[in-house]
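Chemist: Predicted model and sequence follow; I will ask about them next.
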Amino acid sequence: MSATPETTPVREVHRFDEESLIRYLTRHLDGFRAPCAIRQFEGGQSNPTFLLQTAGGNYVLRKKPPGKLLPSAHAVEREYRVMKALEHSSVPVCRMLLLCEDDAPIGTPFIVMEHVAGRVFHDLTLPELPPGDRTAVYAHMVEVLGRLHTVVPEAVGLGDFGRPGNYYARQISRWTRQYRAAETRAIPEMDNLIDWLPANIPAESGSGLVHGDYRLGNMILHPSEPRIVALLDWELSTLGHPLADLAYNCMPYYLPAYRNPSLIDNDPAVSGIPKLEEHLDAYCRHTGREGIDDWNFYMAFSLFRSAGIGQGVYKRGLDGNASSRTALQLGKGVEMTARIGWRLARPAAGG
């Protein structure tokens, strides 16, 4: 199913002092005027996101969730910085309007951005679109990824947005810590990946800006055209290895349908959606690569990381402060994702 982003009344666990927010924005955001109606976007598992509706126009507010947070998670400040830096690049982003790092107005730091009209598709098979439009959406998705990965970080003020080198070693260590902090039960495949991944990191070539959650559901499409007008949810962005983004984007080609549709049985002649090899070839054309070695490692890492993220969301769901009511369902998918990741790693591990 696809639609414009769905909103609901603000959920009880995410309520804040709306009058305090309105007073703050009236003082600090040019053009903002009360009255203001506030609703919550259903999407967004990590940082609660809200639609602010005023007579002068609409805005989007994104804040950290309530409760005790995992270290370095929910970094709305980083989201603000990277989208602000990319504002005049060829990567489509929402225009940043305000960053509040003070807890006083609503209890947590938050950012305010322009509201971009368009469509958000969570079903990656795009059943509402004709095959030709599906082809165009996937072509633009991989083109935008290529644009992002050819941005020179120093040229847009992001030369210090992450530590240079050892990206996978740092990421594996980070997501192992995050997973262990949120662990609720033993998953042998996660334990296997935690042992195998750091011992099998390919020699890294190239570094750049990575999004960290590059998938169709984090993109706003033009209201009527098959192209991306804004790339959302930059919380996990950093300087790193571009193939991490590409592998993450390709997970639907490996994961069976569970909460989300799958591309395992995709028939391009019917769907208009490219097969995996075509998707990878298009990325290589946009980035000047001649091919991709060690693909199974990149996919195994991406599935491991996705399982770790899902476990964190699941744990927050158990604790009662996750951003979406579907958070508890994610727990069932963590083990499946880890199992597929380990299956990809096993040939190299001799298993």
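Modeler: Good, I have the coordinates.
Chemist: C-alpha from now on. contacts and neighbour counts both.
Modeler: Noted.
Chemist: what does the helix or strand where Thr337 lies rub up against?
Modeler: Applying DSSP states H and E as the criterion places Thr337 in helix 330-349. Helix 330-349 is contacted from outside by 187, 189-190, 192-193, 196, 254-255, 258, 296-297, 299-304, 306-308, 310-311, 313-314, using CA atoms under 8 Å, 6 or more residues apart in numbering.
Chemist: quick one: which of those residues sit in helices?
Modeler: Mapping the contacts of helix 330-349 onto helices (DSSP state H) picks out 189-190, 192-193, 196, 296-297, 299-304, 306-308, 310-311, 313-314.
Chemist: rewinding a little: kindly calculate the angle that the helix holding Thr337 makes with helix 188-196.
Modeler: 50 degrees (axes from the mean of the first three to the mean of the last three CA atoms, to 10 degrees).
Chemist: any idea of the mean pLDDT in helix 330-349?
Modeler: The average pLDDT within helix 330-349 is 86.
Chemist: which residues touch the most centrally placed residue in the chain?
Modeler: For the chain, the residue sitting closest to the mean C-alpha position, by CA atoms, centre = their mean, is Asp213 at 2.5 Å. Going by CA under 8 Å, 6+ apart, Asp213 touches 233-234, 236-237, 245, 248-249.
Chemist: what helix or strand does it sit in?
Modeler: Using DSSP H and E, no helix or strand contains Asp213.
Chemist: Ile264 touches Tyr254, doesn't it?
Modeler: Yes. Ile264 lies in contact with Tyr254 (CA atoms under 8 Å); the separation is 5.9 Å.
Chemist: between the two, who's got more neighbours?
Modeler: Applying other CA atoms under 10 Å to Ile264 and Tyr254 shows that Tyr254 carries more neighbours, namely 18 against 15.
Chemist: one step back: quick one: buried ones out of the contacts of helix 330-349?
Modeler: Buried by 16 or more other CA atoms under 10 Å: 189-190, 192-193, 196, 254-255, 296-297, 299-304, 306-308, 310-311, 313-314, out of the contacts of helix 330-349.
Chemist: Strands along the chain, start to end?
Modeler: In the chain, the strands defined using DSSP state E lie at 2-3, 7-8, 36-41, 49-54, 57-63, 96-100, 110-114, 120-121, 208-210, 219-221, 228-231, 238-240.
Chemist: How is the protein divided into domains?
Modeler: The chain is divided into the following domains under automatic domain parsing: 2-114, 120-349.
Chemist: what is the mean pLDDT for stretch 301-315?
Modeler: Taken as a whole, stretch 301-315 has a mean pLDDT of 90.
Chemist: again, but for stretch 78-87
Modeler: Taken as a whole, stretch 78-87 carries a mean pLDDT of 96.
Chemist: next one: stretch 248-263
Modeler: Stretch 248-263 comes out at a mean pLDDT of 90.
Chemist: quick one: contacts of it?
Modeler: Stretch 248-263 has contacts (CA under 8 Å, 6+ apart) with 122-125, 213-215, 264, 276, 299, 302-303, 333, 337, 340.
Chemist: so which of the residues you listed would you say is closest to Val93?
Modeler: Within the contacts of stretch 248-263, proximity to Val93 (CA to CA) peaks at Tyr214, which comes in at 13.0 Å.
Chemist: If I look at the closest one, what pLDDT would I see?
Modeler: We have a pLDDT of 97 for Tyr214.
Chemist: Might one say that it is in contact with Asp245?
Modeler: Yes. Under the criterion of CA under 8 Å, Tyr214 makes contact with Asp245 at 6.1 Å.
Chemist: Compare these two (neighbour count), which wins?
Modeler: Tyr214 (25 against 22).
Chemist: Return the residues in contact with the more buried one.
Modeler: Residues in contact with Tyr214 (CA under 8 Å, 6+ apart) are 245-246, 248-249.
Chemist: still on that earlier bit, now the buried members of the contacts of Asp213.
Modeler: 233-234, 236-237, 245, 248-249.
Chemist: Least confident of these?
Modeler: Lowest pLDDT within those is found at Leu236 (87).
Chemist: list the contacts for that residue?
Modeler: Counting by CA under 8 Å, 6+ apart, Leu236 touches 75, 211-213.
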